[in-house]
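>>> One predicted model, sequence on top.
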Amino acid sequence: MERKRALWLIDAAYLLNSQRQCGENYQFDYRKLREYIERDGAIWHAYYLNSTPNPPSDRQDAFHTWLRSAPPNGPKIVTELYQLKRQPVDRAFCETCNEVVEVRCAPTRQLATQHPLHKEVQKGVDVGIATLALVHIAEYNTLILSSGDGDLLDAVEYVITHGKNFEIVAFAGNTVSTELQSRADRIYWINEFAEDVKRAHQAPRTSRDAT
């Protein structure tokens, strides 16, 4: 099926974490990446889904504004943002010991009580991606997915059985579920054209950078 009207759904955390496959400080540019993909046909709509702190930082706000900007300034991508959820942490599984162990911060390791610990987890992005794929199914002929999560398999199967093409835009290196790979009509491994979509000014990343 010729790509005439594509829907591109982006798990932002996946692309941020996977881009290190091209080097520790490698950063891609969303505008350049969209332009590269569109060599093979226009993208009807693109959605960027991510979880952010509440409130997001000024840097993140500026980045999201740029994402929504139309060419030639930005890549014209709709942003769907979810709040990061805090999850208490007091146990973790040790692969070396093969058992669940207690988690403590350094100052309280020798004390009877410990400081409350938590981790921030992404919530809602996978459901958001699946929902967008199904809600818009009558509007596109190709679903382009930038995610490696096998939990999206059911939604992808549904899209395929309704006659849609399925493509993946992702980083190689065990970052994409093989279940998703096996169903793709085409896979764009960004590693293969990384220099073409590289951000002009590279800088060391932090865990808070939204790329």
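Everything's here; your move.
>>> Backbone dihedrals for the nearest residue to Glu192 once chain neighbours are set aside, both of them.
Nearest residue to Glu192, sequence neighbours excluded (C-beta to C-beta, 6 or more residues apart in numbering): Ala172, at 7.7 Å. Heads up, the C-betas are built off the backbone N, CA and C, glycines and all. Backbone torsions for Ala172, taken as degrees, to the nearest 10, come to phi -70, psi 160.
>>> right, and the helix or strand after the helix or strand of the chain with the lowest mean pLDDT?
When each helix and strand of the chain is scored by mean pLDDT, DSSP states H and E, strand 118-121 comes last, with a mean of 45. The first helix or strand that comes after strand 118-121 along the chain, using DSSP states H and E, is helix 125-135.
>>> mind checking how far the helix or strand following that following helix is from the chain centre?
As assigned by DSSP H and E, the chain's next helix or strand after helix 125-135 is strand 142-146. Relative to its chain's centre, strand 142-146 lies at 12 Å (C-alpha atoms, centre = their mean, to the nearest Å).
>>> Residue ranges of each domain in the protein, please.
6-83+122-197, 85-121 (automatic domain parsing).
>>> Sketch out the low-pLDDT regions of this protein for me.
1-2, 54-56, 83-93, 95, 98, 100-101, 104, 106-113, 115-123, 202-211 (pLDDT under 70).
>>> Spell out, range by range, the helices that occur in it.
12-18, 30-37, 58-68, 125-135, 153-161, 178-181 (DSSP state H).
>>> Same list, those, but as TSV with distance to Tyr188 and mean neighbour count please.
Putting the helices of the chain into TSV (distance: least, C-beta to C-beta, whole Å; neighbours: other C-beta atoms under 10 Å) gives the following:
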stretch	distance to Tyr188	mean neighbour count
helix 12-18	12	20
helix 30-37	6	19
helix 58-68	19	15
helix 125-135	17	17
helix 153-161	16	16
helix 178-181	12	14
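>>> pretty sure Thr142 contacts Phe166?
Yes: if you go by C-beta atoms under 8 Å, Thr142 and Phe166 touch, sitting 7.5 Å apart.
>>> These two: which is more packed in?
Thr142 (23 against 19; other C-beta atoms under 10 Å).
>>> Could I get the contacting residues of that one?
Counting by C-beta atoms under 8 Å, 6 or more residues apart in numbering, Thr142 makes contact with 1, 3-7, 41, 164-167.
>>> Just the ones of those in strands?
Under the assignment DSSP state E, those contribute 6-7, 165-167 to strands.
>>> Quick check: closest non-adjacent residue to Arg3.
Gly41 (3.3 Å).
>>> Now for the one you found: which residues touch it?
2-4, 6, 142.
>>> Restrict the lengthiest strand in the chain to CA atoms and write it as PDB.
Longest strand in the chain by number of residues (criterion: DSSP E): strand 43-52. Extracted in PDB, the C-alpha atoms of strand 43-52 (Å, rounded to 0.1, in the frame of the first residue of the first chain):
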ATOM      1  CA  ILE A  43       2.500  12.600   7.400                       C
ATOM      2  CA  TRP A  44      -1.100  13.600   8.000                       C
ATOM      3  CA  HIS A  45      -0.700  14.100  11.800                       C
ATOM      4  CA  ALA A  46       2.100  13.500  14.300                       C
ATOM      5  CA  TYR A  47       1.700  13.200  18.000                       C
ATOM      6  CA  TYR A  48       4.400  13.400  20.700                       C
ATOM      7  CA  LEU A  49       3.400  11.800  24.000                       C
ATOM      8  CA  ASN A  50       5.400  12.200  27.100                       C
ATOM      9  CA  SER A  51       5.100  12.400  30.900                       C
ATOM     10  CA  THR A  52       6.500  15.600  32.500                       C
END
